[in-house]
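Enquirer: Just a sequence and a predicted model for now, questions to come.
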Amino acid sequence: MTIRAEGIKKSFGDLLVLKGVDFEVDKAEIVSIMGASGAGKSTLLQILGTLMTPSSGSIEIDGKNVLAMGSKELSAFRNSKIGFVFQAHHLLPEFNALENVMIPALIGGKSKKTAAEEASGLLSEVGLSERMTHKPTELSGGEQQRVAIARALINAPAILFADEPSGNLDSRTKEDIHNLFFSLREKFGQTIVIVTHDPDLAAMCDRTCVMKDGLFVE
C-alpha cells in the first residue's frame, strides 16, 4: 500500500511544526525518519497514520484521500488498514497477552473464537507462544513490545507505523525487535514507516529521510 503526502503543514497555536512536508512510500518499502527531538517526526507520523489532522496539505493512502473521509469511515479505514507500534507499549494491564492482541480484532467485528485463533498465531509468530496467558506486568520490556507488535498486526494492516519502537529496550532486545520488523515485511508484505533515533535500525531500512525544523533535508 502506497502513501503520498504533499505540502503537509501543522501548527499548534503560533508554532509551525511542519512547514510543507512532501513524503512518499511505496508498497512493502521500509522507510525510517530521523532527526533531532522537536524536528516534527512524531507529528508527521501521527498525521500520516490519520491520528492527527494537518493544518493544510493532502494525504493519499492506497489512492484514497483520507482527509476527505468522515470520522466513522476514517476509523474503520484505520482499524483495517493501519497498525501502530509506539515506544510505550500501551498494553491494558488487566488483560493477558492474548487478550490484548485480540482487542482490535474484536473492535473490527471478528468473533471471539476467530480473534483468539489469529492472536495466538501472531504471538507464536513473534516468539511468545509460551507467554500468551501472562499479563503485561509479568512480561519483560521486549516481550511487551512483541505483544504490541502482534496487536498492531491482528487486522492484517497494509501499513505499519512505528514511533521509536525500540527506544526503551536494551541492545540485545533492540536487535531482536529490529529483525522482527524485517521478517514481518518478508512474510506479510507490509509497508513500514519508522521514526527512530537509532542509527542501526535506520541503516537496515530501504532508505532514511532526515527531518530538521519541520522539513526533510537532503
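Expert: Received, thanks. Numbers count the residues shown, from 1 in each chain.

Enquirer: Tell me what the residue lying closest to residue 207 once chain neighbours are set aside is bridged to.
Expert: Using CB to CB, 6 or more residues apart in numbering and skipping residues adjacent in sequence, the residue nearest residue 207 is residue 31, 5.7 Å away. The way it works is simple: take the backbone N, C-alpha and C, and place the C-beta from them, glycine included. Residue 31 has the following beta-bridge partners by DSSP bridges: residue 193, residue 207.

Enquirer: where's residue 31 relative to residue 218, distance?
Expert: Using CB to CB, to the nearest Å, residue 31 is found at 16 Å from residue 218.

Enquirer: more neighbours, these two?
Expert: Set residue 31 next to residue 218 and count neighbours by other CB atoms under 10 Å: residue 31 wins out with 19 against 3.

Enquirer: Let me see the ranges of the strands in this protein.
Expert: 3-12, 15-25, 30-34, 56-61, 64-65, 82-86, 159-163, 191-195, 207-212, 215-217 (DSSP state E).

Enquirer: Residue 46 is in contact with residue 195, correct?
Expert: No: contact criterion CB atoms under 8 Å: residue 195 and residue 46 do not qualify, at 9.8 Å.

Enquirer: higher neighbour count, these two?
Expert: Set residue 195 next to residue 46 and count neighbours by other CB under 10 Å: residue 195 wins out with 24 against 18.

Enquirer: Please list all residues in contact with that one.
Expert: Going by CB atoms under 8 Å, 6 or more residues apart in numbering, residue 195 touches 32, 33, 34, 41, 42, 45, 162, 163, 164.

Enquirer: Who is residue 11 paired with across the strands?
Expert: Applying DSSP bridges, one finds that residue 11 bridges with residue 16.

Enquirer: that older thread, include neighbour count and distance to residue 68 when you put the contacts of residue 195 into a markdown table, please.
Expert: As requested, those are exported to a markdown table (neighbours: other CB atoms under 10 Å; distance: CB to CB, whole Å):
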| residue | neighbour count | distance to residue 68 |
| --- | --- | --- |
| 32 | 23 | 29 |
| 33 | 24 | 25 |
| 34 | 20 | 31 |
| 41 | 25 | 25 |
| 42 | 18 | 24 |
| 45 | 21 | 21 |
| 162 | 26 | 26 |
| 163 | 20 | 25 |
| 164 | 19 | 30 |
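
Enquirer: can you put those residues in CSV and add pLDDT and distance to residue 89?
Expert: Output for the contacts of residue 195, formatted as CSV (pLDDT from 0 to 100; distance: CB to CB, whole Å):
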residue, pLDDT, distance to residue 89
32, 95, 20
33, 96, 21
34, 95, 22
41, 93, 20
42, 91, 16
45, 94, 17
162, 91, 12
163, 90, 12
164, 86, 12
